[in-house]
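Colleague: Okay, here's the prediction I keep looking at, along with the sequence it came from:
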Amino acid sequence: MRTFAGVEDEDKWLAEGIAGIQHNAFFMHRALDANNLREVLKYSVLMLSELRTSKLSPQKYYDLYMRAFDQLRQLEIFFKDESRHGLPVVDLYELVQHAGNILPRTYLLCTVGSVYIKSKQAPSKDVLKDLVEMCRGVQHPIRGLFLRSYLAQVSRDKLPEIGSDYEGDANTVMDAVEFVLQNFTEMNKLWVRVQQQGPGTVREKQEKERNELRDLVGKNLHVLGQIEGVDLEMYKETVLPRVVEQIVNCKDELAQYYLMECIIQVFPDEYHLQTLDTLLAACTQLMPTVDTKIVLTQLMDRLSNYAASSSDVLHEFLQVEAFAKLSNAIGKVIETQLEMPIVGAMTLFVSLLTFTLRVHPDRLDYVDQVLGACVVKLSSVPKLEDARAMKQVVALLSAPLEKYNDIVTALTLSNYPRVMDHLDDGTNKVMAMLIIQSIMKNDSCISTADKVEVLFELIKGLIKDLDGTNTEELDEEDFQEEQNSVARLIHMLDNEEPEEMLKIICVVRKHLMTGGPRRLPFTVPPLVFSALRLVRQLESQDGDIAGEDVPATPRAVFQILNQTIEVLSSVPCPELALRLYLQCAEAASDCDLEPVAYELFTQAFILYEEEIADSKEQVTAIHLIVGTLQRINVFGVENRDTLTHKATGYSARLLKKPDQCRAVYACSHLFWVDDLDGIKDGERALLCLRRALRIANAAQQMANATRGNSGPVTLFVEILNKYIYFFEKGNPHITPSDIQSLVELINNEMQSDNGNTTIHSDPFFTSTLRYIRFQKQKGGLMGEKYDPIKL
Amino acid sequence: MVLVLALGDLHVPHRAADLPPKFKSMLVPGKIQHIICTGNLCIKEIHDYLKTICPDLHIVRGEFDEDARYPESKTLTIGQFKLGLCHGHQVIPWGDLDSLAMLQRQLDVDILVTGHTHQFTAYKHEGGVVINPGSATGAYSSINQDVNPSFVLMDIDGLRVTIYVYELIDGEVKVDKIEFKKTSTTNPAP
């Protein structure tokens, strides 16, 4: 039993030990030079006696051991040369056994044994058997371990492997294996016993010391892996079962963990595949404190890499039913290790899933199975709160997305949504965003209503407020990013078949309507435009297509559109709603649906009158109303008159005079459409221009009154340009003299400004005049038209 | 040689998920000196993305833009050319070239860039050139039934500007070019 001492004490003892070795080695060397066998043996024994100490920690003992080891090499050279000491090796082997203490005796025996085997005077296997038995005499854990380690080192190149100089009979490989196995088994037993009882902090030190020794034991497994002639058969029947037996029986946590890892790393992957039953059975029999998940994960990782190495290998996996076995083993481990925290179980599932995706990517049933097992485990805990476990679940859910690059595949996994249900709301949204990002990155298209339904269920955390969440708490930027992602997603939902597309739109609408006023402004527009694209598609096809629930007709779509835009009033966002109504109105016009178009315009006008009060917004709204109305040709005379009358009325009642002026002259275009059968009411067009002119005058007077000088002539020049426009188009009510008078009016306005401005020219006016001159010079009909105008 | 990118009417995310990948791979940061944008991005994300391509970004307000602070119109000088920028929903009738020519005279510019119709046009008239880069995402338009994604790259070199239009037709990027030369310098004598 080693007493626990301070480091200084140990250093002192080590120094003493080293001094002892050096001292005796000196004399041993003298004897070697003199070929004095007797003296050589005497001093070598004395030297080796230093290794009998029980005061040193493994690290320090190793130091001592290495010095002795170096000396023993010299000794071996001496032993080998019979001419120097005169004894046949057989006799030498006999002689050294007379050494007094067992430790030096056995070291010497191993050294001579090495020479003996090399001499080939006895079969390697016999000598080795003898030596490995002899080592039993040393039962002190550290001394025994190093002794056996020495034996392993000197015997390494003398094993009776196939193709070596020491190859024996038909059983030769078995003999080699047997020797190594025996040494391994004994070394492990010794290693386990290095452990001692003691208080907590001391135990950590012990663990550290034990770990320092572990490679001595592990080395044997490396050797087993390298023996020539050990094939799969022998590995399966002999090597692995014996090793596993020792691992399980030693009941030592440290040893079990280390040795299982060793096996996985040392032996080839194809062996592991063929011995899965044995390996996995061993895993389930380990001590409960052993971190089996790391072992299993390592195994699965190696097998995954193996599968990736070549395509032929795959059928082996199927043949041995690798997936089923791993799946069962993991299930068992999770079941039996009750104290395993949830994060551990999740980590195991992630490893298994990674394995499955790499080895059997086409087996969606396997993937679903793994997710299913995960669901069962998650259901057994009341609520998932551990952040690390949550992270593992996210990794679990992300893996199929990354692997398949196609969300549709992930959507077919029945357990996928069930796993997501177990996430907390925050993580659920993170996962939902990952799903959307995957779709966008891969440019995926989701093309059936069923899949859309599943998808929107998955991302429901983004679509609506889940129980317990409060959107008020959410960061504004994050919220916008989320909603914009959902908006973009809507454009990835598409089907060429109008019937199916309509179903998709209905499903999406159903979900979006649960979003609440904060979300609707983001999500409604993409839905609307998606529907408008469908309308255009329907229009371009011949005939209606009757669907099951909702027949796919433009009219049906407009009904849905109307109801959808209506919902925006709950937000409220009238400006957006107005724009959407106008877009739909134009689309309805293209479909020849006059009542629908009229209804949509009515809605837009109501919004303008009742909800839009901001002056700037009003101006934009008027532009949109007039611009849209100008293009629409579906209305009969009465309807058109009603709407244009309203529009011009709004224009004239805008707050600022310049805005009024511009809106009114824009309305002139409502009465003149340049198409073949477009309206061409020259008189009413001109009326608008004159009204605009009056407003411009009023604006000038106001400027005079308030500021003491006239405002810029811009409005007049704009109106002049409009006069020119209609003049060129052939409006009979506009004469060259009208244009002439306007030009003179503008000149006057500019000159009356002379008092305080130095600007004598207005570039807009100048370029307009230049344009008129250009047209005059054109000649032909246009030149003729302009001829009366003198500048 | 000054490269100016003109684009607009992306309508992200209202009408489109993103720019076409083929366009995105062409728009490499650091190659372009100015960006002029006709509006209707519609969200800040797109604004930020455009800024990464070129920090000198000029943009005007489209009717669906999220940011209401963009101006209704803008003028700027690049080399020998004066450029004007306006979304175009303010000019009625929409897309009418004569009305746009009027706006060009009003802004007193050599090149007027407008959008709204989602239809590429380059129209030379007495007062200069009117360019519409179309919709960079090929977004739905009530005005234009058949929209292909498109944008314009202008190469301004002295008194000459070469206008390249990039259109994505059936999955392939097609390029066309038009040249325009000014007859005199813009800047008045000091």
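Modeller: Good, I have the coordinates.

Colleague: Below-threshold pLDDT in the stretch 451-600 of chain A: ranges please.
Modeller: Under the criterion pLDDT under 70, the flagged ranges of the stretch 451-600 of chain A are A:468-473, A:542-550.

Colleague: Please list the residues of it that sit near chain B.
Modeller: Contact residues (C-beta under 8 Å from any C-beta of the partner chain) of the stretch 451-600 of chain A with chain B: A:480-481, A:484, A:487-492, A:522, A:525-526, A:529, A:532-533, A:536, A:579, A:583, A:586-587, A:590. Where C-beta positions appear, they are placed from N, C-alpha and C, glycine not excepted.

Colleague: ok, of the residues you listed, which come out buried?
Modeller: Among those, those buried by neighbour count (16 or more other C-beta atoms under 10 Å in any protein chain shown) are A:480, A:484, A:487-492, A:522, A:525-526, A:529, A:532-533, A:536, A:579, A:583, A:586-587, A:590.

Colleague: Could you pick out which of those are located in helices?
Modeller: Using DSSP state H, the members of these that fall in helices are A:480, A:484, A:487-490, A:522, A:525-526, A:529, A:532-533, A:536, A:579, A:583, A:586-587, A:590.

Colleague: which parts of stretch A:233-249 are buried?
Modeller: Neighbour counts over stretch A:233-249 (16+ other C-beta under 10 Å) mark A:M234, A:Y235, A:T238, A:V239, A:L240, A:R242, A:V243, A:V244, A:Q246, A:I247 as buried.

Colleague: any chance of the residues you listed in CSV, plus distance to A:Q337, pLDDT and secondary structure?
Modeller: Formatted as CSV, the entries for those read as follows, by distance: C-beta to C-beta, whole Å; pLDDT from 0 to 100; DSSP: H, G, I helix; E, B strand; the rest coil:
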residue, distance to A:Q337, pLDDT, secondary structure
A:M234, 33, 91, helix
A:Y235, 28, 94, helix
A:T238, 30, 92, helix
A:V239, 28, 94, helix
A:L240, 23, 95, helix
A:R242, 26, 94, helix
A:V243, 23, 95, helix
A:V244, 19, 95, helix
A:Q246, 22, 94, helix
A:I247, 17, 94, helix
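
Colleague: now the residues you listed in TSV, with distance to chain B?
Modeller: Converted to TSV, these look like this (distance: C-beta to the nearest C-beta, whole Å):
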residue	distance to chain B
A:M234	57
A:Y235	52
A:T238	59
A:V239	55
A:L240	52
A:R242	59
A:V243	55
A:V244	54
A:Q246	59
A:I247	55
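
Colleague: What is the most widely separated pair among those residues?
Modeller: Of all pairs drawn from the buried residues of stretch A:233-249, the one with the longest distance (C-beta to C-beta) is A:M234 and A:I247, at 18.5 Å.

Colleague: What is the neighbour count of A:F267?
Modeller: Neighbours of A:F267 under the rule other C-beta atoms under 10 Å in any protein chain shown: 23.

Colleague: gap between it and chain B?
Modeller: According to C-beta to the nearest C-beta, to the nearest Å, A:F267 stands 47 Å off from chain B.

Colleague: Ok, A:Y786 next?
Modeller: With distances taken as C-beta to the nearest C-beta, A:Y786 is found 13 Å from chain B.

Colleague: burial measure for the spatially closest residue to that residue that is not a sequence neighbour, as a count.
Modeller: Distances taken as C-beta to C-beta, 6 or more residues apart in numbering or on different chains place A:K776 nearest to A:Y786, at 4.3 Å, with adjacent residues excluded. Residues contacting A:K776 under the criterion other C-beta under 10 Å number 18.

Colleague: ok, which residues in the stretch 301-450 of chain A are in contact with chain B?
Modeller: Residues of the stretch 301-450 of chain A found near chain B (C-beta under 8 Å from any C-beta) are A:M440, A:D443.

Colleague: switch to 10 Å and redo it
Modeller: For the stretch 301-450 of chain A, the residues in contact with chain B (C-beta under 10 Å from any C-beta of the partner chain) are A:I439, A:M440, A:D443.

Colleague: Counting neighbours, what do you get for the residue of the stretch 151-300 of chain A found nearest chain B?
Modeller: Per C-beta to the nearest C-beta, the residue of the stretch 151-300 of chain A with the smallest distance to chain B is A:M300, at 35.9 Å. For A:M300, the count of nearby residues is 23 (other C-beta under 10 Å).

Colleague: No more questions from me, cheers.
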